[in-house]
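S.K.: give me the fold of what follows.
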Amino acid sequence: MYLRIMRLILTMFFAWLCVWAADDPLMGTWKLNVAKSHYDPGPPPKSLIRTHEPAGKGIKVTSDAVAQDGKRIHFEFTAYFDGKYYPVAGNGNRDQMSLKRIDAYTAETTNRNNGKETTRSRWVVSKDGKTFTNTIEGVFPDGRTVHNVHVYDKQ
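M.R.: You can find the predicted model right below:
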């Protein structure tokens, strides 16, 4: 009897998690629309795919890009929307990031490298859920000022 109750509870929890993730406009697979994006400094990548998956009360982001020179770039992180810093693996411009949810369609990040704030970004999903825009501003660890606007289409 105990096992049946536990299975029922776990099934209900995972069903709730799936419904929550399906309703969250940030979740999904996003493909960079290079023509609509702006990179300062450039150049933009040849391609970039981001995957946003629910992770408890937060998000797991996986990014796979191909640079202009053909080099593959992969980074990922898992963070809660609580403003605390979490590790970022594989990104040379940041090793930690914090994430705050503004509303269902908007979040903000603060990025650090070696303990020093480098950039901030604002994530916005369009009301129709088809476009994700990531605006990044600040200074990369190598001293270059950055103002990038990445526009993604939902896949």
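
S.K.: confidence score at Asp23?
M.R.: The model reports Asp23 with a pLDDT of 86.

S.K.: do Lys57 as well
M.R.: Per-residue pLDDT puts Lys57 at 89.

S.K.: the closest residue in space to Phe132 that isn't next to it in sequence: what's it in contact with?
M.R.: With CB to CB, 6 or more residues apart in numbering as the criterion, Phe132 has its nearest non-adjacent residue at 4.2 Å, and that residue is Tyr152. For glycine as for every other residue, the C-beta is placed from the backbone atoms N, C-alpha and C. Tyr152 makes contacts with Trp30, Lys31, Leu32, Asn33, Leu48, Arg50, Thr131, Phe132, Thr133, Asn134, as judged by CB atoms under 8 Å, 6 or more residues apart in numbering.

S.K.: residue closest to the middle of the protein?
M.R.: The centroid of the chain falls nearest to Val61 when counting by CA atoms, centre = their mean (4.6 Å).

S.K.: please name the bridge partners of that residue.
M.R.: On the basis of DSSP bridges, Val61 is bridged to His52, Phe77.

S.K.: how far away is it from Phe132?
M.R.: Distance of Val61 to Phe132, given as CB to CB, to the nearest Å: 11 Å.
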